[in-house]
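Engineer: The following comprises the amino acid sequence and a computationally predicted model.
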Amino acid sequence: MQPELRVRSSGHGGSGYKHPVTEVIVPGVTTVLKKLEKSAITQWAVDNTAAYAVANVDALLSRTEEKGFGFLRFYWNRDPLKGDYNDIRNYSNGVLNDAAELGTMIHEWIAADLSDDVYPDVTKAPAFFWEMVAEWDRWKTEHDVKPILTEATVWSEQYGYAGTLDGLWEVDGVKYLLDIKSSRNTWDEHYMQLAALGAADYLLVKSAEGVWSEEVIPSYSGYAFLRIRPSDTDKEGNYVAPYCELKVINDAEIPLHFEAFLGLLKVSHAQNELKEMRKSSATVEGF
């Protein structure tokens, strides 16, 4: 379920948000974070390209060195859903895609569970999804959870960005700005995302009559991740049971993560201005 104010292009290499009153378009928080080098994803691509080469060494050796190199070099970014599922590289990419869909489904399920929204279509959901739902239900019964905001759009007038926060909940008497994470680990960009959302100036809220307004973000005491995972295996192949847990973030880290986010935002704005400047120059010079 996409936020209503999200637009596909922000001029910053990704999606953004369009203000419902001023019609100003700004980059989304996740678009800004794309400027950050993600070494884990890069390593994943390298690992799977190597896996493909090992599994298909005969096919590669049947080509000239030049053609073999060209084929292997760009194989990692091909469309995984249009290839041979017996191919080890495409299979692993399909697993990654399934994991992303699983994360989206559990986000939408939790949002619906805490509101009057319609539950997502889970008729084809894998068993892993129901493990996560069971862990969510268990965690929710063990804690006093009072949602204040869920899937809310926030806007930064001062810095020029927007985003959607997963929730502002009161958990066991403490109010947290939180993000739901279904990934195996949490990375610096996840902290930067939460810090940026927390530094926004106001909420954008749509009334029952369809009128948008800017509203004050309710106060909260801290930041947290709700980490929810299905059963898995660790890097040694050992079984890891499904779980749902609240990971409270050290408040002292938040200003530093926001400072890092602002650095990426400056890079994004500078790159966007350069692109527009060069486009204008090319038009004037007739190129």
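Structural biologist: In hand now; what should we look at? Computed from a predicted model, the values in this text were never measured in an experiment.
Engineer: check contacts around the spatially closest residue to P3 that is not a sequence neighbour.
Structural biologist: Counting by CB to CB, 6 or more residues apart in numbering, T164 is the residue found nearest to P3 once chain neighbours are left out, at 4.7 Å. (Each C-beta comes from the backbone N, C-alpha and C, glycine too.) With contact taken as CB atoms under 8 Å, 6 or more residues apart in numbering, T164 is in contact with P3, R6, E151, A152, T153, V154, L197.
Engineer: And the pLDDT at T164?
Structural biologist: Predicted confidence (pLDDT) for T164: 95.
Engineer: That one is in what secondary structure piece?
Structural biologist: Assigning secondary structure by DSSP states H and E places T164 in strand 161-171.
Engineer: buried stuff in the next helix or strand after that strand?
Structural biologist: Read in the C-terminal direction, the helix or strand following strand 161-171 is strand 174-181, with elements assigned using DSSP H and E. Buried residues in strand 174-181, counting neighbours by 16 or more other CB atoms under 10 Å, are found at K175, Y176, L177, L178, D179, I180, K181.
Engineer: Bridge partners for the second one, pull those for me.
Structural biologist: So that's Y176. W169, G222 (DSSP bridges).
Engineer: Please enumerate residues in contact with stretch 224-242?
Structural biologist: Here stretch 224-242 has contacts from 102, 106, 110, 128-129, 131-132, 134-136, 139, 166-167, 171, 176-182, 184, 186, 190, 194, 243-249, using CB under 8 Å, 6+ apart.
Engineer: The residue nearest to P3 and E4: what is the separation?
Structural biologist: 10 Å (CB to CB, to the nearest Å).
Engineer: anything in contact with each of those two?
Structural biologist: The contact sets of T164 and E4 overlap at T153 (CB under 8 Å, 6+ apart).
Engineer: Show me the residue at the heart of this protein, geometrically.
Structural biologist: Per CA atoms, centre = their mean, the C-alpha nearest to the average position across the chain is that of T30, at 6.2 Å.
Engineer: elements contacting the helix or strand hosting that residue?
Structural biologist: Using DSSP H and E, the element containing T30 is helix 29-33. Helices and strands touching helix 29-33, by 3 or more CB pairs under 8 Å, 6 or more residues apart in numbering; DSSP states H and E, are strand 161-171, helix 188-198, helix 254-285.
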